[in-house]
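*Asks:* sequence unknown, structure follows:
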């Protein structure tokens with residue numbers, strides 16, 4: 001009879017141990033679920049913030065490459081093969097430049113043919129040329145004309161020969 005009594009006294013400890021294990025598993029699952037649902041909400045709001053702070057896509061106007069005779073101090077035959085892209089600020093500017101592309105190319109041709117070959121081979125000469133090209137768009141292409149937003153000149157091809 002002593003055997004039954006000791007087995008009976010161990011039974012409540014097994015139940016208590018089992019309850020502790022089940023309670024631990026349940027609380028762990030609840031914490032995991034709560035953390036997962038919070039990170040899901042936080043992830044969505046963080047993604048929204050990233051989308052809001054993303055810069056708008058740049059708008060480019062490509063100008064087909066062309067070849068121009070350059071001025072030379074040594075009276076040599078010098079050529080410039082150049083391809084350009086203009087980074088513009090809005091669709092209106094892009095559309096206006098594309099509509100008036102023959103006029104834009106003519107202005108570029110006049111500007112480029114007046115350049116000295118020796119000046120264009122240095123980085124400073126290219127920067128000055130970029131500033132001169134941007135200044136071309138200060139003159140209106142048509143009347144009346146909305147203000148143009150030409151932000152940058154990018155050289156896609158540039159060979160002085």
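*Replies:* Okay, I see it. Predicted, not measured: the structure shown is a model, and the values here were computed from it.
*Asks:* tell me the confidence at the spatially most central residue of the chain?
*Replies:* The residue lying closest to the centre of the chain (Cα atoms, centre = their mean) is residue 57, at 6.1 Å. For residue 57, the model assigns a pLDDT of 89.
*Asks:* and what of residue 38?
*Replies:* 65.
*Asks:* likewise residue 110?
*Replies:* 95.
*Asks:* give me the neighbour count for it.
*Replies:* The tally of other residues near residue 110 (other Cβ atoms under 10 Å) stands at 11. Heads up, the C-betas are built off the backbone N, CA and C, glycines and all.
*Asks:* return the distance of it relative to residue 21.
*Replies:* According to Cβ to Cβ, to the nearest Å, residue 110 and residue 21 sit 87 Å apart.
*Asks:* which non-adjacent residue is nearest residue 60?
*Replies:* What sits nearest to residue 60 in space, not counting adjacent residues and going by Cβ to Cβ, 6 or more residues apart in numbering, is residue 85, at 4.9 Å.
*Asks:* for the one you found, what are its contacts?
*Replies:* 60, 61, 62, 63, 153, 154, 156 (Cβ atoms under 8 Å, 6 or more residues apart in numbering).
*Asks:* please repeat the previous calculation with a cut-off of 6 Å.
*Replies:* 60, 62, 154, 156 (Cβ atoms under 6 Å, 6 or more residues apart in numbering).
*Asks:* remind me which helix or strand the second one belongs to.
*Replies:* Counting by DSSP states H and E, the secondary-structure element that holds residue 62 is strand 59-70.
*Asks:* could you do the last one as well?
*Replies:* Here residue 156, judged by DSSP H and E, is contained in strand 150-160.
*Asks:* next, the residue nearest to the centre of the chain: secondary structure please.
*Replies:* What DSSP: H, G, I helix; E, B strand; the rest coil gives for residue 57 is coil.
*Asks:* please report how far it lies from residue 31.
*Replies:* Counting by Cβ to Cβ - residue 57 and residue 31 are separated by 42 Å.
*Asks:* do residue 129 as well
*Replies:* 64 Å.
*Asks:* assign residue 112 to helix, strand or coil.
*Replies:* Under three-state DSSP, residue 112 comes out as helix.
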